[in-house]
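> Have a look; sequence and predicted model below, questions after that.
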Amino acid sequence: MVESDKNILIMEGISKTFPGVHALDDVSLTLRKGEILCLVGENGAGKSTLMKILTGVDQPDSGRIIFDGKEIQAKSPQHAQALGISTVYQEVNLCPNLTAAENILLGREPHKMGGIDWAKTNALASETLKGLLGVEIDVTKALGSYTVAIQQMVAIARALYIASAKVLILDEPTSSLDVNETEQLFKVMRKLKSEGVGIIFITHFMGQIYEISDRITVLRNGKLVGTYDTASITRVGLISKMIGRSLAEFDEMTKIKLESSKHIKSEALLQARGLGLTGSIQPFDLDLHGGEVVGLAGLLGSGRTETANILFGVDKPDAGAILINGNAIQDYSPLGSIKRGVVLCPEDRKAAGIVDDLSVRENIILAMQANKGWFKYLSLQEQYEIAEKYIAMLSIATPSADQSVKNLSGGNQQKVILARWLATNPQVLILDEPTRGIDVGTKAEIQKLVLSLAEDGKACVFISSELEEVLRTSHRIVVLREREKVAEFSGEVDENTIIHAIAGSEL
């Protein structure tokens, strides 16, 4: 640990449990004055929870926080700002209809004769942007008329103006910026660093981590893996620490996969040709064969979910085409995909998967009913027959088909979503993180189920943050890096080969 007088922030032994989830387990973090610390980890690693505890959104179950030499516990984000800890989020949470000046000084405008002194407000905003960040713009223009990069600068200016921040948290600030805009932001970060501000930078772009950070703190599954000087750890080493290793039954899964590979068909069910969407995923080619599981490997933000969404029609491509059984499609929409036999189990089962207020039965028949049309209503008897069939097939642990789905465990909720799509008898299943947040035993069940679906002739896309899980389950692996397809591997391939492909040429 570094000397305490060099640290602006020390978080020690932070633990936090939510119902059914141990989000943080004895995590520690230190931030030095005038340092850029990258906080990295895959989804579910605990990054957001740790920052929410620091900024007062959540309270820790245990641990302590020492800020600028004093023990603190922020009660709210406003309290954190008053202490000198400010956050700029990935999505700029300012008011685009107000001027840049109004956004920077909102609630703190100087007054004169009972009203706002607009001349002084505009002058203060201009001075803050130019003096602190080196940015010169017309602060009287609506914020929404500026680029996302400028809006990010205004958000940073507000954060610094509000509290004279000693610690600045930047949460995925470059996710929607181009190269020039990112470099402008980095200049600002280096300027703040030179003035003694400690910066926690959360990003999923590997190149940016190595360009801007002094040290890197890695979290995985709610635990601290370690903190490393950026210059002392290779990209391959960092990725290995972020991904970690799973405890599932590798040997058994290898045998099941080898058996299932005999069922792969030569013709492609789905073909993507030059398929892409600006700002989302670079144009790519992909063939999905009946009887095959194709894994998508890559770090958070590499383009895995973007690829899934464009294949399913959640997002409409602006380049390329999708062919189903050799025929180019015209209707890029989820409903159109369902009718063609292409389905998606989404990454976030809470937000985009299960419907909390419905029963297990109602959740299972939802997609099938939508496919038939709401004027061809499934009878109650048909609904129960379908629900009971898949409850038995997938071993869904529920007292009855009428049980509220929100009362099931995460693993059983995931099985309900799978049941919903299997009931539509799809040709192609796109599974985005189907095992996230569930126990090892249920993970193995779902992995075996995916391979059994392939044996039945279906094409499956399997996305997981756990590289070893992708290796166990996939017949072919596509590697994505920074929203671009960079490699594809068939047959037996080892973990190091995939990690090197994820890391790129600069190791």
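That came through, no problem.
> and for stretch 479-491, what are the contacting residues?
Applying Cβ atoms under 8 Å, 6 or more residues apart in numbering, the contact partners of stretch 479-491 are 205-207, 280-282, 284-286, 296-299, 301-304, 306-307, 475-478, 497-498, 501-502, 504. The C-beta positions use only the backbone N, C-alpha and C, and glycine is treated the same way.
> what do you get for stretch 100-120?
By Cβ under 8 Å, 6+ apart, the list of residues contacting stretch 100-120 from outside reads 94-95, 98, 121-122, 124-126, 128-129, 137-143, 146, 150, 154-155, 157-158, 161-162.
> what number of residues lie near residue 300?
Using other Cβ atoms under 10 Å, the number of residues around residue 300 comes to 19.
> What subset of the contacts of stretch 100-120 is buried?
Neighbour counting over the contacts of stretch 100-120 (16 or more other Cβ atoms under 10 Å) leaves 94, 121-122, 124-126, 128-129, 137, 139, 143, 146, 150, 154-155, 157-158, 161-162 as the buried ones.
> who are the neighbours in contact with the closest residue to residue 89 other than its chain neighbours?
For residue 89, ignoring the flanking residues on the chain, the nearest one in space by Cβ to Cβ, 6 or more residues apart in numbering is residue 171 at 5.0 Å. The contact partners of residue 171, taken as Cβ under 8 Å, 6+ apart, are 48, 51, 87-90, 202.
> same thing but at 7 Å, please
Contact analysis of residue 171 by Cβ atoms under 7 Å, 6 or more residues apart in numbering lists 51, 87-90, 202.
> Equivalent analysis for residue 233, please.
Taking Cβ under 7 Å, 6+ apart, one finds residue 216 in contact with residue 233.
> at 10 Å instead, please
Neighbouring residues of residue 233 by Cβ atoms under 10 Å, 6 or more residues apart in numbering: 210, 215-216, 218, 226, 239-241.
> now do residue 192
By Cβ under 10 Å, 6+ apart, the contact list for residue 192 reads 34, 36, 132-133, 156, 160, 165, 168, 198-199.
> next one: residue 89
Residue 89 makes contact with 51, 152, 155, 169-173, 202 under the criterion Cβ under 10 Å, 6+ apart.
> how about JSON lines for those, with secondary structure added?
Below are the contacts of residue 89 laid out as JSON lines (DSSP: H, G, I helix; E, B strand; the rest coil):
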{"residue": "51", "secondary structure": "helix"}
{"residue": "152", "secondary structure": "helix"}
{"residue": "155", "secondary structure": "helix"}
{"residue": "169", "secondary structure": "strand"}
{"residue": "170", "secondary structure": "strand"}
{"residue": "171", "secondary structure": "strand"}
{"residue": "172", "secondary structure": "coil"}
{"residue": "173", "secondary structure": "coil"}
{"residue": "202", "secondary structure": "strand"}
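> doesn't residue 463 make contact with residue 477?
No: judged on Cβ atoms under 10 Å, residue 477 makes no contact with residue 463 at a distance of 11.1 Å.
> which residues do those two both contact?
294-297, 470.
> what's around residue 347, how many residues?
Neighbours of residue 347 (other Cβ under 10 Å): 20.
> Quick one: residues contacting residue 228.
By Cβ under 10 Å, 6+ apart, the contact list for residue 228 reads 38, 213, 215-218, 237-238, 241.
> Give me the subset of those lying in helices.
With DSSP state H as the criterion, helices contain 237-238, 241 from among the contacts of residue 228.
> Next secondary structure after the helix or strand bottoming out on mean pLDDT in the chain?
One helix or strand of the chain scores below all others by mean pLDDT, DSSP states H and E: helix 349-352, with a mean of 59. Using DSSP states H and E, the helix or strand that follows helix 349-352 towards the C-terminus is helix 360-372.
> tell me what that next one is packed against?
Judged by 3 or more Cβ pairs under 10 Å, 6 or more residues apart in numbering; DSSP states H and E, helix 360-372 is in contact with helix 334-340, helix 380-393, helix 410-422.
> now what about the longest one, what contacts it?
Pointing back at helix 380-393 there. If you take Cβ under 10 Å, 6+ apart as the criterion, helix 380-393 is touched by 359-365, 368-369, 377-379, 396-398, 400-403, 412, 415-416, 418-423, 449.
> ok, now the first one?
Residues outside helix 334-340 that contact it (Cβ under 10 Å, 6+ apart) are 269-270, 309, 311-314, 322, 324-325, 327, 329-331, 333, 342-344, 367-368, 370-371, 421, 424, 426-428, 430.
> for that helix, what is the average pLDDT?
For helix 334-340, mean pLDDT is 89.
> Quick check: buried residues in that helix?
334, 337-338, 340.
> go on, stretch 108-127?
By neighbour count with 16+ other Cβ under 10 Å, stretch 108-127 contains the buried residues 109, 121-122, 124-126.
> For that stretch, list the C-alpha coordinates in PDB.
Provided in PDB are the C-alpha atoms of stretch 108-127 (Å, rounded to 0.1, in the frame of the first residue of the first chain):
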ATOM      1  CA  ARG A 108     -25.700  28.200  -8.000                       C
ATOM      2  CA  GLU A 109     -26.300  31.200 -10.300                       C
ATOM      3  CA  PRO A 110     -25.200  34.600  -9.100                       C
ATOM      4  CA  HIS A 111     -28.100  37.000  -8.400                       C
ATOM      5  CA  LYS A 112     -28.700  40.700  -8.800                       C
ATOM      6  CA  MET A 113     -31.800  42.700  -7.800                       C
ATOM      7  CA  GLY A 114     -33.800  39.700  -7.000                       C
ATOM      8  CA  GLY A 115     -33.100  37.900 -10.300                       C
ATOM      9  CA  ILE A 116     -30.300  35.900 -11.900                       C
ATOM     10  CA  ASP A 117     -27.300  37.900 -13.100                       C
ATOM     11  CA  TRP A 118     -27.000  36.400 -16.600                       C
ATOM     12  CA  ALA A 119     -23.900  38.400 -17.600                       C
ATOM     13  CA  LYS A 120     -22.000  37.100 -14.500                       C
ATOM     14  CA  THR A 121     -23.400  33.600 -15.000                       C
ATOM     15  CA  ASN A 122     -22.200  33.400 -18.500                       C
ATOM     16  CA  ALA A 123     -18.800  34.900 -17.600                       C
ATOM     17  CA  LEU A 124     -18.300  32.500 -14.700                       C
ATOM     18  CA  ALA A 125     -19.200  29.500 -17.000                       C
ATOM     19  CA  SER A 126     -16.800  30.700 -19.700                       C
ATOM     20  CA  GLU A 127     -14.000  31.200 -17.100                       C
END
